[in-house]
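Participant: Let me see the structure of the following:
(one chain, ligands or ions: 2)
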Amino acid sequence: MNDQKGTSTILPMMLSVKGYTVVIVGGGKIATRRILPLLEVEVNVIVISPEVTADIKTWHGQQRLHWKAKCFEPIDIKNAAIVIAATNDPKVNLQVYEASEKHQLINLADRPNLSNFYVPATFRRGKLILSVSTSGASPGLARQIKQQLSEIYDENYESYVEFLDQCRQIVKSTSLNQQTRNNILKELLKTRYRHMDEREREEAFKQLLEKEGGKQNE
Ligand SMILES: C[C@@]1(CC(=O)O)c2cc3[nH]c(cc4nc(cc5[nH]c(cc(n2)[C@H]1CCC(=O)O)[C@@](C)(CC(=O)O)[C@@H]5CCC(=O)O)C(CC(=O)O)=C4CCC(=O)O)c(CCC(=O)O)c3CC(=O)O
Ligand SMILES: NC(=O)C1=CN([C@@H]2O[C@H](COP(=O)(O)OP(=O)(O)OC[C@H]3O[C@@H](n4cnc5c(N)ncnc54)[C@H](O)[C@@H]3O)[C@@H](O)[C@H]2O)C=CC1
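Facilitator: Ligands and ions are numbered 1, 2, ... in the order given. Down below sits the predicted model:
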């Protein structure tokens with residue numbers, strides 16, 4: 001029923017951004033924090049700012065991003081898929097917003113109500129990504145919850161998720177029926193597999209597959 005629909009305007013999504021151009025206007029503390037996760041993905045990062053932090057200078061020197069030492073002009077964001085306005089001048093951030101087009105993703109560090117995306121508190125364990133958002137209500141709480149989760153979902157999850165990924169590819173390539181496939185994949189989620197080392201896991205999976213009558217297709 002339509003009147004049962006929620007009133008939130010936030011839709012959680014994981015973006016695949018390969019080849020995107022991301023323009024960050026401003027080169028201070030917040031811009032630097034916004035750039036960090038961008039360096040982990042295959043995007044073209046351009047920083048527009050007369051002055052930047054030592055980190056941004058280093059990344060520019062390493063050609064991990066491009067820094068244009070200048071004040072913002074509307075032309076700077078013309079080819080950007082994602083725009084981040086993080087200067088310490090609210091008037092400039094507003095100019096960036098006004099220069100943006102409807103199809104662009106834009107985040108203003110000081111005006112969440114004008115942003116069409118928020119930056120969640122995030123950490124990665126290889127392919128496992130955990131992101132927390134309070135829809136802008138309390139970034140401090142988002143950060144606190146992220147820290148709590150990062151203790152539960154520790155570094156061991158990286159190799160475990162990698163193992164699950166590989167097993168799933170193999171299971172999908174067999175001629176086993178759907179129910180059996182699901183049973184195998186569900187079994188691998190039991191805690192004991194997470195605590196095994198790589199060799200134990202491989203052996204356990206091999207035995208499981210044999211037990212269920214699965215043969216790998218070449
Ligand atoms: C809406 C949002 C906009 C966006 O997406 O840009 C936004 C907005 C604002 N934050 C402000 C302040 C603070 N932000 C933090 C921390 C973080 N803020 C982050 C995200 C977001 N912050 C987005 C919503 C997130 C959500 O959905 O909950 C994190 C998760 C990610 C990141 O920034 O990288 C990161 C945690 C990093 C981590 O550990 O992962 C701290 C705490 C600290 O630094 O320790 C403080 C000080 C305490 C406080 O104010 O709470 C201010 C006031 C600025 C001013 O006073 O001038 C505004 C503007 C406003 O609210 O008007
Ligand atoms: N979203 C969030 O989590 C938070 C947001 N903020 C907001 O973020 C903003 C930036 O804060 P900081 O990074 O700490 O400031 P900062 O003072 O460290 O950096 C400001 C940067 O803006 C650049 N700049 C100034 N005028 C410019 C122009 N015309 N064109 C291009 N670049 C220009 C400066 O060269 C400098 O690099 C503030 O508006 C603050 O309210 C602050 C804390 C948290």
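Participant: any idea of the mean pLDDT for the biggest helix by length in the chain?
Facilitator: In the chain, assigned by DSSP state H, the helix with the most residues is helix 156-173. In this model, helix 156-173 has an average pLDDT of 97.
Participant: residues near whichever residue of the chain sits closest to ligand 2, how many?
Facilitator: Using CB to the nearest ligand atom, the closest approach of the chain to ligand 2 is made by G28 at 1.9 Å. C-beta coordinates here come from the backbone N, C-alpha and C atoms, glycine included. Neighbours of G28 under the rule other CB atoms under 10 Å: 16.
Participant: Quick check: pLDDT value at it.
Facilitator: 98.
Participant: do the same with K215
Facilitator: 62.
Participant: and what of T7?
Facilitator: Looking at T7, the pLDDT reads 79.
Participant: Please, which helix or strand holds it?
Facilitator: T7 belongs to no helix or strand when assigned by DSSP states H and E.
Participant: quick one on the thing from earlier: so what secondary structure elements neighbour the longest helix of the chain?
Facilitator: Other helices and strands packing on helix 156-173, by 3 or more CB pairs under 8 Å, 6 or more residues apart in numbering; DSSP states H and E, are strand 121-125, strand 128-132, helix 178-187, helix 191-195, helix 198-211.
Participant: Other residues contacting that helix?
Facilitator: Contacts with helix 156-173, where a contact means CB atoms under 8 Å, 6 or more residues apart in numbering, come from 125-128, 181, 184-185, 188-189, 193-194, 198, 201-202, 205, 209, 214, 216-217.
Participant: Now N88: which helix or strand?
Facilitator: N88 belongs to no helix or strand when assigned by DSSP H and E.
Participant: so how far is E98 from it?
Facilitator: According to CB to CB, to the nearest Å, N88 and E98 sit 18 Å apart.
Participant: Neighbour count: these two, which is higher?
Facilitator: Neighbours were counted for N88 and for E98 using other CB under 10 Å; N88 has more, 13 against 9.
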